[in-house]
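[1] Sequence and predicted structure below; questions after.
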Amino acid sequence: MDQTMKQDQVPLLKPIKSSQANGDEQTNQVGTKRFAHACQLSKRELQMVCNELFILYEIVWPVVVTGLLLYSRNQVSMLFLGRLGTAQLAGGSIANAFANITGYSVLKGLSAGMEPICGQAYGARQWPILSQTVQKTILLLLIATIPISLLWIYMEPILLFFYQKPEILTPAKEYILFSLPDLFAQAFLHPVRIFLRTQNITRPVSVCATVGLVLHVPISYFLVFYMGLGVKGVALASSLNTININMGLIGYMIFSKSCLKPWNGSLVPGLKGWVRLIRLAIPSCIGVCLEWWWYEVMMVVCGWLADPKASVASFGILIQMTSLIYVFPSSLGLGLSTRVAHELGAGQPTQARLASAVGIVVSMVCGIVSCLFAVSVKDVWGTMFNKDTSILHLTAVALPIIGMCEIGNSPQTVGCGVLRGSAKPTIGAHINFAAFYLVGLPVSLLCAFPFKMGFVGLLMGLLAAQASCACFMLYAIYNIDWEAQAEKARNFSESSRENSDLEASLIVAECKV
């Protein structure tokens, strides 16, 4: 009986799940799969970003060390000039400014033209192109030193034309004449540093710069005080420092088994290679010079303010701060230029895009840190250079503005590196001209004089220039066609290889004859 009732309670058909329940279950399964796939992608992308950060770190940190060492060398020279007297310090400062405007900025800008060529050639494993390019660049810079040397030799009448005091011009003339060996040494150092960096070789430069700085102090003391050369000794010591670094790098390249040799390959591998180098070197030079010259123009404008002595001195102190901070984004930009050029040369546009994105984000963090640093030392930085209360007040008021400028300066400096690595220096030159001379200079003059903001008004122009420059740079990088750039790099490598093969066959034929 009980068994019969239990059988009656058993349903004849099993219940069928509703279609809505089946749909919900399938949706949940699809959502779970998508989430798992997204997690896998995120993990893979995070790993790629971490790898890129590590690669950039390996390239950049020795460049940062080298930049800090070269900055320290300049500070040592300024300290020795200060010990000699006020006129010697002023004369050396004017000579340094003249040398930067007419010489060092030109050499640095021209040498930057070889960065995309060597970087893309290294990525494509076209080793002869690297050697040929560094040879051409050294020759190009040596040619450029000829008119620069003439300007330096005749600096005194040029500065007299701009109403500089004769008592300051005497030490200035001595300083710049004994800096001529440094000019020729820099014509070799800039291309060699780029040549090594494009091979991911940066530590030997840091080691040589360290040894050079250690020797710089006793050499300066020996020449300045023991030999009694004064201002001449300071300039000559700086020249010997650059020569010592060059000698160390030459020794490294001779004995290193992993480094490519710049003396391998034909010196003149065809007109086409020269044309491309010059086409990249000239806009790179213009871009560097436009930015460097803007600061010198502001130094002149400071002399038009109500308290010119305090304004000029304070602006000089601020330049020391910006020069120190600039080492970090500049080094990051150099490393990123190498990375982007390598990946484009290797036919990896996606990796080049990733490298540029990671570098830009790091530069933004660097800008924020630089801003915080400038604000934190606003009351003590000026005391390292001067005790005048008016100068210290101007410096303390200006440093927070300088810090805000670095928030824009850091990404725009790194953005210049991306444009150089992708062989687009012309865009960078146009951006620098528009930002600094069409935006920054008018804002500086308007704020300083019609709006009567004085010294702070000049810095508001710098802030406007850096902000607009950063925006223009980021927009230009966002619109880069990475696939097209990789294709251009591939075409250049193939055409250069064909030219090299043709020249090699011609050389063999001439030898047989």
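    Yep, that arrived. Numbers count the residues shown, from 1 in each chain.
[2] At which residues are the helices of the stretch 151-300 of the chain located?
    Shown for the stretch 151-300 of the chain, the helices assigned by DSSP state H, counting those that start in this stretch span residues 155-161, 166-177, 180-197, 203-221, 231-255, 271-302.
[3] will you turn those helices into CSV that also has mean pLDDT, mean neighbour count and distance to Gln351?
    Heads up, the C-betas are built off the backbone N, CA and C, glycines and all. As requested, those are exported to CSV (pLDDT from 0 to 100; neighbours: other Cβ atoms under 10 Å; distance: least, Cβ to Cβ, whole Å):
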stretch, mean pLDDT, mean neighbour count, distance to Gln351
helix 155-161, 82, 14, 47
helix 166-177, 85, 20, 45
helix 180-197, 94, 22, 18
helix 203-221, 93, 18, 24
helix 231-255, 94, 20, 29
helix 271-302, 85, 19, 22
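[4] Just send these back as a markdown table, with distance to Ala346 too.
    Shown next, in a markdown table, are the helices of the stretch 151-300 of the chain (distance: least, Cβ to Cβ, whole Å):
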| stretch | distance to Ala346 |
| --- | --- |
| helix 155-161 | 46 |
| helix 166-177 | 44 |
| helix 180-197 | 17 |
| helix 203-221 | 23 |
| helix 231-255 | 24 |
| helix 271-302 | 19 |
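[5] which stretch among these comes nearest Ser390?
    helix 271-302 (13.2 Å; Cβ to Cβ).
[6] Which elements pack onto that closest one?
    Counting contacts by 3 or more Cβ pairs under 8 Å, 6 or more residues apart in numbering; DSSP states H and E, helix 271-302 is packed against helix 105-111, helix 114-123, helix 127-153, helix 308-345, helix 425-433, helix 441-448, helix 454-478, helix 482-512.
[7] Helix 114-123 and the fourth one, what's the angle between them?
    What that stands for is helix 308-345. Between the axis of helix 308-345 and that of helix 114-123 there is an angle of 20 degrees, by axes from the mean of the first three to the mean of the last three Cα atoms, to 10 degrees.
[8] and if you look at the third one?
    With the same axes, to 10 degrees applied, the angle from helix 127-153 to helix 114-123 works out at 170 degrees.
[9] Does anything pack onto helix 127-153? Which helices or strands?
    Here helix 127-153 touches helix 105-111, helix 114-123, helix 166-177, helix 180-197, helix 271-302, helix 482-512, going by 3+ Cβ pairs under 8 Å, 6+ apart.
[10] where's Leu110 relative to Ile319, distance?
    Per Cβ to Cβ, to the nearest Å, Leu110 is found 23 Å from Ile319.
[11] Counting neighbours, go ahead and name the busier of these two.
    It is Leu110, of Leu110 and Ile319, that has more neighbours when counted by other Cβ atoms under 10 Å, with 26 against 17.
[12] Need the nearest residue in space to Val340, chain neighbours excluded.
    The spatial neighbour of Val340 that comes closest, neighbours along the chain excluded (Cβ to Cβ, 6 or more residues apart in numbering), is Gly421 at 3.2 Å.
[13] and Pro262, backbone torsions?
    phi -70, psi -20 (degrees, to the nearest 10).
[14] now the helices and strands packed on helix 127-153 as a markdown table including distance to Ala448?
    As requested, these are exported to a markdown table (distance: least, Cβ to Cβ, whole Å):
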| stretch | distance to Ala448 |
| --- | --- |
| helix 105-111 | 24 |
| helix 114-123 | 36 |
| helix 166-177 | 25 |
| helix 180-197 | 34 |
| helix 271-302 | 7 |
| helix 482-512 | 41 |
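[15] what about the ones you listed, which gets the closest to Cys259?
    Cys259 lies closest, by Cβ to Cβ, to one member of those: helix 180-197, at 7.1 Å.
[16] Return the list of helices and strands in contact with that closest one.
    helix 19-84, helix 105-111, helix 114-123, helix 127-153, helix 203-221, helix 231-255, helix 308-345.
[17] one more time with 7 Å
    Counting contacts by 3 or more Cβ pairs under 7 Å, 6 or more residues apart in numbering; DSSP states H and E, helix 180-197 is packed against helix 105-111, helix 114-123, helix 127-153, helix 203-221, helix 231-255.
[18] Cys405: which of the ones you listed is closest?
    helix 105-111 (19.6 Å).
[19] Can you pull out the residues in contact with that closest one?
    The contact list for helix 105-111, computed with Cβ atoms under 7 Å, 6 or more residues apart in numbering, reads 137, 140-141, 144, 148, 186-187, 190-191, 194, 281, 284-289, 292.
[20] returning to what we had before: and the helices and strands packed on helix 127-153: which comes nearest His430?
    Closest approach to His430 among the helices and strands packed on helix 127-153 is made by helix 271-302 (8.4 Å; Cβ to Cβ).
[21] how far out from the middle of the chain is the closest one?
    13 Å (Cα atoms, centre = their mean, to the nearest Å).
[22] Tell me, what's the model's pLDDT at the residue lying closest to Glu291 once chain neighbours are set aside?
    Once flanking residues are discounted, Glu291 sits nearest to Asn432: 5.3 Å by Cβ to Cβ, 6+ apart. pLDDT recorded at Asn432 is 92.
[23] gap between Asn432 and Ala465?
    For Asn432 relative to Ala465 (Cβ to Cβ), the value is 9 Å.
[24] Look at the two and report which has more neighbours.
    Ala465 (28 against 25).
[25] No further questions, thank you.
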